[in-house]
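**Student:** Attaching a predicted model along with its sequence, questions to come.
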Amino acid sequence: MAYTIDEIVDLLNLEDFREVYLEADRIRKENVGDIVHIRALLEFSNYCKRRCKYCGLNCTNKSVKRYRMSPEEIISTTYEAAVNGYKTIVLQSGEDNYYTPKILGEIVKSIKKLNMDITLCCGELDYDSYAYLKECGADRYLLKHETAQNELYEYLHPCGTLQERIQCLKIIKKLGYETGGGFMVGLPNQTTKTIAMDLMLLKEIGCDMAGIGTFISHPNTLLKDCEHGSTEMTKRAVALARIMMPSINLPATTSLGVINDKEKVDIFSCGANVIMQKITPNEYKALYEIYPSNLAETNIRLQRIKLENQIKELNRIPL
């Protein structure tokens, strides 16, 4: 459905949003059905060259114990996920130049032999690097734009520009990746107009998936004293994304569950159809702290079983 910026703002500001949620859920069922896609999320490096003010992994945070997983560790962990029913692996890291396109490409080639779909989330690269990784077998690339408001983007990202980020997303789309964007809800100085701009940008780029998460402040960042974002406004943004882009894949983001675990379940009645399960090994898991969270120990088999049961309790089909 096509909306103007002002119409989206009016919807976001509704006192009673129940009818919109029902419409989003109807459109979800009609276009993507009752399947909930479970993705395995492997955070393979917490090194990052960027200075994003909200992120606990930013290069100015000297309190972080840094790690890098070897290609062998990445492949063996992914193999365990495949054996336990995962059909997609999401390989996520900070922007870490140690992993050259050649290194990442060899990892991708090895994982493709496991008959798994591969989503990469490794930040901004040049055209040739994105093209090479696509040739190696990567299926999707996730690169959140975080905010479509130019001044706010520049404030949060002294290490880059919104135009550079959008250009990367357009390259990813042009190369034939399933293209993932996304943004945070509740950033300092964000307005409902900003969120409306975020939704319009996702549609303009033609994103196939979008991670819409709640801002959570990290104690070792410049935004440590800022309030967390609103889970209600996050759910509203997800619902409108479903209505505006009926076939898009929309995950229940981990940040929702950090603030209120119930909200991560509720999001499935608001248009979401994807969930990511962290499979990062225990020795690294707590070190990948974009924002503070309480993480259970990794047990790939048991966590998969538990998640499948939770999805079935919602009368959805885990895949």
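**Tutor:** Noted; the coordinates are in hand. Numbering: from 1, shown residues only.
**Student:** Show me where the stretch 1-150 of the chain dips below the pLDDT cut-off.
**Tutor:** For the stretch 1-150 of the chain, no stretch has pLDDT under 70.
**Student:** what secondary structure does the most centrally placed residue in the chain sit in?
**Tutor:** By Cα atoms, centre = their mean, the mean C-alpha position of the chain lies nearest to Gly211, the distance being 4.0 Å. Three-state call for Gly211 (DSSP: H, G, I helix; E, B strand; the rest coil): strand.
**Student:** which residues touch it?
**Tutor:** Neighbouring residues of Gly211 by Cβ atoms under 8 Å, 6 or more residues apart in numbering: Leu142, Lys144, Gly180, Gly181, Gly182, Pro251, Thr253. Glycine gets a C-beta too; all of them are placed from N, C-alpha and C.
**Student:** Buried residues, the helix or strand where Glu151 lies. List them.
**Tutor:** Using DSSP states H and E, Glu151 falls within helix 150-156. The neighbour-count check on helix 150-156 (16 or more other Cβ atoms under 10 Å) flags Leu152, Tyr153, Leu156 as buried.
**Student:** what do you get for stretch 60-78?
**Tutor:** Quick answer for stretch 60-78 (16+ other Cβ under 10 Å): Asn61, Val64, Tyr67, Arg68, Met69, Ile74, Ile75, Thr77, Thr78.
**Student:** how about the helices of the stretch 1-150 of the chain, start to end?
**Tutor:** Ranges of helices in the stretch 1-150 of the chain, per DSSP state H, counting those that start in this stretch, are 5-12, 18-32, 71-83, 101-112, 127-136, 150-156.
**Student:** All the helices of the stretch 151-300 of the chain, in order from the start?
**Tutor:** Counting by DSSP H, counting those that start in this stretch, the stretch 151-300 of the chain has helices at residues 162-174, 192-205, 231-244, 254-259, 261-266, 282-285, 300-313.
**Student:** one step back: now, of the contacts of Gly211, which are buried?
**Tutor:** Burial by neighbour count, 16+ other Cβ under 10 Å: within those this picks out Leu142, Lys144, Gly180, Gly181, Gly182, Pro251, Thr253.
**Student:** Turn the residues you listed into a markdown table, including distance to Ile27.
**Tutor:** Shown next, in a markdown table, are the buried ones among the contacts of Gly211 (distance: Cβ to Cβ, whole Å):
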| residue | distance to Ile27 |
| --- | --- |
| Leu142 | 23 |
| Lys144 | 23 |
| Gly180 | 20 |
| Gly181 | 19 |
| Gly182 | 19 |
| Pro251 | 17 |
| Thr253 | 20 |
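**Student:** Tell me the one of these nearest Ile166?
**Tutor:** Lowest distance from Ile166 to the buried ones among the contacts of Gly211 (Cβ to Cβ) belongs to Gly181, with 9.3 Å.
**Student:** Is the closest residue to Ile279 other than its chain neighbours bridged to anything, and to what?
**Tutor:** Leaving aside its sequence neighbours, Ile279 sits nearest to Ala40 (Cβ to Cβ, 6 or more residues apart in numbering; 4.8 Å). With DSSP bridges applied, Ala40 shows beta-bridge pairing to Ile89, Gln277.
**Student:** hang on, Ala40 packs against Gly85?
**Tutor:** No: counting by Cβ atoms under 8 Å, Ala40 stays clear of Gly85, with 9.3 Å between them.
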